[in-house]
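Undergrad: fold the stuff below for me.
(2 chains)
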Amino acid sequence: MSKINARTPEGPLAQKWTNYKDHQKLVNPSNKRKLDVIIIGTGLAGASAAASLGEMGFNVKNFCIQDSPRRAHSIAAQGGINAAKNYPNDGDSVFRLFYDTIKGGDYRSREANVHRLAEVSNSIIDQCVAQGVPFAREYGGLLDNRSFGGAQVSRTFYAKGQTGQQLLLGAYQALMRQVNLGTVTMYTRTELVEIVLVDGKARGIISRDLVTGELQRHFGHAVVLATGGYGNTFFLSTNAMGSNGSALIKAYQKGAMFANPCMAQIHPTCIPVHGESQSKLTLMSESLRNDGRIWVPKKKEDAEAIRSGKLKATQIAEENRDYYLERRYPAFGNLVPRDVASRAAKERCDAGFGVGATGLAVYLDFKSSIDRLGQKTIEDRYGNLFQMYEKIVDENPYETPMMIYPAMHYTMGGIWVDYELQTTIPGLFAAGEANFSDHGANRLGASALMQGLADGYFVLPYTLQNYLADEIHTKRMTTNEPEFVDAEKAVKERFAQLMGIKGKRSVDSLHKELGLVMWDFVGMGRNKKGLEDAIKKIAAIKKEFWTNVRIPGDQSGMNVELEKASRLADFIEIGDLMARDALNREESCGGHFREEYQTPEGEALRQDDKFAYVSCWEYKGEQQEPELHKEELIYETVKMVQRNYK
Amino acid sequence: MEKIINLTLKVWRQNGSKAKGRFETYKVNNVSTDSSFLEMMDMLNEQLVSEDKVPVAFDHDCREGICGTCSLYINGRPHGPDDDVTTCQLHMRKFTDGQTITIEPWRSTAFPVIYDLMVDRRAFDKIISAGGYVSVNTGGVPDANAIPIAKADADESMDSASCIGCGACVAACKNGSAMLFVSAKVSQLAMLPQGRIEASRRAKAMVAKMDELGFGNCTNTGACEVECPKNISLSNIARLNREFLYAKFQD
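TA: From the prediction side, this is the model:
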């Protein structure tokens, strides 16, 4: 039998989740207390899962690398969260949300998972409102909605430009309530450094206390990874500085499959790079595309004059502006999905029409909206984003258009999971951005928050329970078992090896080098030769890292450089996997754009007869190439067609 | 316009919570005024690594002013000399060529220094844990539109909810009081019908925990409001006092 079995429940699509819940196994309350669940990460998926499982009575241990669970990077999500409530009466439904998500993902996600996501979306909004999340409201007191890319309905709920913050604080508060009640134990400033398997099942972890440097062993009847994505492989991304892919690599090296690693989302609206010392990129919410119009000069000489500082954006007459998204995609205009908007910006800049000092920027202009709605309305909608922009760029976006450029933002790929969110290692689950399951080749805006909370509040409490029902006879293990001792020893040796290199290069300098290779060859435009070169360049960086990295200080106690080095070692592995996967996938779909496969108009051209599958990579050892397995994507409900936003 | 400046930094170094701290002086040259303050700190650390010295440890994560991780007392002000920003949003255009910048951790009894510029703010989590929530479990809640809330109330609640839990209010307060932090959460939830039900209980539990953890009393100096990067208003404290007095009155 294939190692890949999605274990999708029987029955018609719309009945699958109900059928699953009706027939899953349950654990009685007195047994729940005897079962330990380890959850890594406290973002939307991790915190909501920890809180919900704690409420149910399981004994939960929750870990985060930050100083508080409230700081997970979900907090930075700005625009909103989708749900199929159809409050605006504009034709939305569970099916339409499902369909838009499948289509937005360019037909590379699993129908049953996406349908479940759409089904539970409404419960998420109910839950958050009950927790006291202050969503935006209409004067009548009911909830307000806005539109987002890739949809023709308004289904996005929001709390100013801080939706992620408010949803995360809701989950965090629910989590802290459980900490108070004693069902959840919280471990902050603690990093997962190894996953422990006993008889082939995930049974615990080795963690490192980031303050004392101590290694600790923790037992769990099941382990959940909710550690987010691996966008920081690119060094420059919209992710937080600490966001990393190490938990995913630990899982992969223990036998979990890594699915669709090349599926990464480049977000179209970020503040452009200012120079060499740039440490991260700041996103400007997609919601801005509701009221902002994207353009570049129509004439090359105008673009050149702007780049050399001789001309200002406001001096370009209306007829000399090219609103290229409205021109190319009249039906969706500025609200085309992210991958389409990003590529279109790159195309204009590559053709010589880019603005800003570097020529790597396009305008996002609010003038017509301000004229139409007044500055006050725009301020109410996006005030905090405009303030953020002004603090960074030192220009007032109410008066002069914003400059934006695409940046690495989100990874649709991740650890492969089945319908129950279980990886190929029994007892090891992955939730939120850490898994690959719902977004296919491109994620629609406001769907990441939806997925994180769906997994944590409404999926794992069922599916994890189904797994744990068979574990009630497994006694809590002591962590003196040989598997724990050996795992800890291996971790110690790895850290000693890193400390022993004593080379000349700083961690950041190597990470920046990796990031440039990723951006140039595994970024918005990819091709066979570039990807083959990238694999060689990444191998060279890997060699340089393991022979020439310099980590001052020592292994005991706090050592930030050691933390970064350990994560970079894993980013290098991910970079290699991303390039390999992109090379294998000889088609363009969603965020994966192979220059060899495009329509005459420059749109992504899928090869459904050859690539309608999830690429699942199996680790074969340090010196071996990973092995590719395929999960065929069978569409029973939706018909695969060329995406069309024109 | 971008300029290039050279700086002298006086940085607090402390090799662990038990160690004695001291100021170290460093020079950082060729800093672009378009860089953020933390990018300047990255440059310093890159320099220290090249000299095989241990880099300065400081808390930071999202670098866009929302996670609340970054701290730093810069030239005597929490989050530095700009208004309405966190340290990570502070840009070097606020400094001049040749300037000396003094960088210290938050200094407050309830936030002990862990290492260099990092402090332990878990006391905030403990306060939230004591009652900063609506006591609902997952599932079994009413439809989201079953509870209409006046737009003005929702907006005001949102303003209070904007607190990022960075601790600048405590660091700015001569008494080391956490009243602005506590009151923001109490107000956010008290203003909504969902949170109204246990408003008294919440106010009492959070205030009791705050007192227990060694935060000082509020003497209405207003320094917290001035230094808050998110403009959390002092009116939240007035609301907390009302809730608290009402709760005590009921006892």
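Undergrad: chain A - how does it break down into domains?
TA: Taking automatic domain parsing as the domain assignment, the record places the domains of chain A at A:268-407, A:482-632.
Undergrad: need those domains in a markdown table (columns: distance to A:Cys128 and mean pLDDT).
TA: (Each C-beta comes from the backbone N, C-alpha and C, glycine too.) A markdown table is the format used below for these (distance: least, Cβ to Cβ, whole Å; pLDDT from 0 to 100):
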| stretch | distance to A:Cys128 | mean pLDDT |
| --- | --- | --- |
| domain A:268-407 | 18 | 94 |
| domain A:482-632 | 28 | 97 |
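Undergrad: would you list those domains in a markdown table and tack on distance to A:Gly452?
TA: Supplementary listing: the domains of chain A in a markdown table, determined by distance: least, Cβ to Cβ, whole Å:
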| stretch | distance to A:Gly452 |
| --- | --- |
| domain A:268-407 | 17 |
| domain A:482-632 | 19 |
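Undergrad: mean neighbour count added to the ones you listed, as JSON lines?
TA: Supplementary listing: the domains of chain A in JSON lines, determined by neighbours: other Cβ atoms under 10 Å in any protein chain shown:
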{"stretch": "domain A:268-407", "mean neighbour count": "19"}
{"stretch": "domain A:482-632", "mean neighbour count": "18"}
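Undergrad: of all those domains, which one is nearest A:Asp100?
TA: In terms of Cβ to Cβ, the element of those nearest to A:Asp100 is domain A:268-407, at 9.6 Å.
Undergrad: mind checking how far that closest one is from the chain centre?
TA: Relative to its chain's centre, domain A:268-407 lies at 24 Å (Cα atoms, centre = their mean, to the nearest Å).
Undergrad: ditto for stretch A:6-24
TA: Mean C-alpha position of stretch A:6-24 versus that of the full chain (Cα atoms, centre = their mean) differs by 26 Å.
Undergrad: so what touches that stretch?
TA: Contacts to stretch A:6-24, defined as Cβ atoms under 8 Å, 6 or more residues apart in numbering or on different chains, come from residues A:94-95, A:110-112, A:115-116, A:119-120, A:418-420, A:462-463, A:465-466, A:631, A:636-637.
Undergrad: what about residue 45, helix or strand, and which?
TA: All of this is about chain A. When secondary structure is defined using DSSP states H and E, the element that contains A:Ala45 is helix A:44-56.
Undergrad: could you do chain B instead?
TA: Using DSSP H and E, the secondary-structure element containing B:Asn45 is helix B:37-50.
Undergrad: give the rounded mean pLDDT of the helix or strand just after that helix.
TA: Where DSSP H and E defines the elements, the next helix or strand beyond helix B:37-50 is strand B:73-74. For strand B:73-74, the mean per-residue pLDDT is 98.
Undergrad: strands paired with strand B:73-74, and their directions?
TA: The pairing partners recorded for strand B:73-74 under DSSP bridges are strand B:77-78 (antiparallel), strand B:100-104 (antiparallel).
Undergrad: switch those over to JSON lines; also include mean neighbour count.
TA: Written out in JSON lines, the entries for those read as follows (neighbours: other Cβ under 10 Å):
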{"stretch": "strand B:77-78", "mean neighbour count": "22"}
{"stretch": "strand B:100-104", "mean neighbour count": "17"}
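Undergrad: can you tell which of these is closest to A:Leu26?
TA: Nearest to A:Leu26, of all those, is strand B:77-78, at 50.2 Å by Cβ to Cβ.
Undergrad: which residues does the closest one contact?
TA: With Cβ under 8 Å, 6+ apart as the criterion, strand B:77-78 contacts B:Ser71, B:Leu72, B:Trp106, B:Ala168, B:Ala171, B:Ala172, B:Glu227.
Undergrad: got the contact list for the second one?
TA: Taking Cβ under 8 Å, 6+ apart as the criterion, B:Leu72 is in contact with B:Phe37, B:Phe58, B:Pro78, B:His79, B:Gly80, B:Thr87, B:Ile103, B:Glu104, B:Pro105, B:Leu117.
Undergrad: now the residues you listed: which count as buried?
TA: B:Phe37, B:Phe58, B:Pro78, B:His79, B:Gly80, B:Thr87, B:Ile103, B:Glu104, B:Pro105, B:Leu117 (16 or more other Cβ atoms under 10 Å in any protein chain shown).
Undergrad: excluding sequence neighbours, find me the nearest residue to the fifth one.
TA: The spatially closest residue to B:Gly80, leaving aside those adjacent along the chain, is B:Ile74, at 3.6 Å (Cβ to Cβ, 6 or more residues apart in numbering or on different chains).
Undergrad: pairing-wise in the sheet, spell out the partners of the one you found.
TA: Residues found in beta-bridge contact with B:Ile74 (criterion: DSSP bridges) are B:Arg77, B:Ile103.
Undergrad: and the residue of chain A nearest chain B?
TA: In chain A, the residue found nearest to chain B is A:Gly141; the distance is 3.1 Å by Cβ to the nearest Cβ.
Undergrad: helix or strand for that residue, which one?
TA: When secondary structure is defined using DSSP H and E, no element contains A:Gly141, which sits outside every helix and strand.
Undergrad: check contacts around the residue nearest to B:Asn175 when sequence neighbours are not counted.
TA: Spatially, and ignoring its direct neighbours in sequence, B:Asn175 is nearest to B:Gly216 (3.2 Å; Cβ to Cβ, 6+ apart). The contact partners of B:Gly216, taken as Cβ under 8 Å, 6+ apart, are B:Thr109, B:Cys173, B:Asn175, B:Gly176, B:Ser177.
Undergrad: so B:Gly216, which state does it fall into?
TA: coil (DSSP: H, G, I helix; E, B strand; the rest coil).
Undergrad: quick check, B:Asp120 in contact with B:Trp106.
TA: No - between B:Asp120 and B:Trp106 there is no contact under Cβ atoms under 8 Å: 9.8 Å.
Undergrad: helices of the stretch 101-250 of chain A, residue ranges please.
TA: Listed in chain order, the helices found in the stretch 101-250 of chain A under DSSP state H, counting those that start in this stretch are A:111-131, A:163-181, A:246-253.
Undergrad: now the residue in chain B that chain A sits nearest to. Nearest residue, chain neighbours left out?
TA: Among the residues of chain B, B:Pro148 lies closest to chain A, at 3.1 Å counting by Cβ to the nearest Cβ. Distance criterion Cβ to Cβ, 6+ apart; nearest residue to B:Pro148, sequence neighbours excluded, is A:Gly141 at 3.1 Å.
Undergrad: what sits against the one you found?
TA: Contacts of A:Gly141 by Cβ under 8 Å, 6+ apart are B:Pro148, B:Ile149, B:Ala150, B:Lys151.
Undergrad: what subset of these is buried?
TA: When burial is judged by neighbour count using 16+ other Cβ under 10 Å, the buried members of the contacts of A:Gly141 are B:Ile149, B:Lys151.
Undergrad: from the contacts of A:Gly141, which two are the most distant?
TA: In the contacts of A:Gly141, two members sit farther apart than any others by Cβ to Cβ. They are B:Pro148 and B:Lys151, at 9.9 Å.
Undergrad: what stretches of chain B score poorly on pLDDT?
TA: When residues are selected by pLDDT under 70, none of them lie in chain B.
Undergrad: what kind of secondary structure is the spatially most central residue of chain B in?
TA: What sits nearest the mean C-alpha location of chain B, by Cα atoms, centre = their mean, is B:Cys166, with 2.0 Å. The three-state assignment at B:Cys166 reads coil, by three-state DSSP.
Undergrad: can you pull the contacts of it?
TA: If a contact means Cβ under 8 Å, 6+ apart, then B:Cys166 has B:Gly68, B:Thr69, B:Cys70, B:Ser71, B:His79, B:Thr86, B:Pro229 as its contacts.
Undergrad: again, 7 Å this time
TA: B:Gly68, B:Ser71, B:Thr86, B:Pro229 (Cβ atoms under 7 Å, 6 or more residues apart in numbering or on different chains).
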